[in-house]
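A.B. asks: Following is a predicted model, sequence given first.
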Amino acid sequence: QVQLRESGGELVQAGGSLRLSCKGSGPTFATDSVAWFRQVPGKEREFVGEKTMHNRRTVYADSVKGRFTISRDDAENAVYLQMNNLKPEDTAVYYCAADQRYSPPRTQYYYWGQGTQVTVSS
């Protein structure tokens, strides 16, 4: 069983930066694939990026490529989402997800956190 808890969301001005954290617990977290998603009320959840265990590759959505970076610290059982040059359209609840598979389908991540709100003002 893996438990995830996000933190770091807050109100920030456009052009600013934030770093979201996702602390994981459980015996497999250090070897799980991890991902970040976001969701705006009334819209479907959107893929932001993932760092899978398959070749340790990192993939980003086109909307955040070049601005967002996913990293992980296995010693701290944590995954981070560094967000730079934030835009109002980045406003959403951000979720951390994990899965024990090496390359899970993006719609099938098994473990989820409760989310953290990011609001970008113009």
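C.D. replies: Sure, I can see it. None of the values given here were measured: they were computed from a predicted structure.

A.B. asks: And the spatially most central residue of the chain, how close does it get to residue 23?
C.D. replies: Against the mean C-alpha coordinate of the chain, by Cα atoms, centre = their mean, the closest residue is residue 36 at 2.3 Å. Note on residue 36: its distance to residue 23, by Cβ to Cβ, to the nearest Å, is 14 Å. In short, each C-beta sits where N, CA and C put it, glycine included.

A.B. asks: Could I get the phi/psi values of residue 110?
C.D. replies: When read as degrees, to the nearest 10, the backbone of residue 110 gives phi -90, psi -40.

A.B. asks: Number of residues surrounding it?
C.D. replies: By other Cβ atoms under 10 Å, 13 other residues sit near residue 110.

A.B. asks: roughly how far apart are it and residue 64?
C.D. replies: Distance, residue 110 to residue 64, using Cβ to Cβ: 23 Å.

A.B. asks: and the residue nearest to the centre of the chain, what does it touch?
C.D. replies: By Cβ atoms under 8 Å, 6 or more residues apart in numbering, the residues touching residue 36 are 20, 22, 48-50, 68, 70, 79, 81, 94-97.
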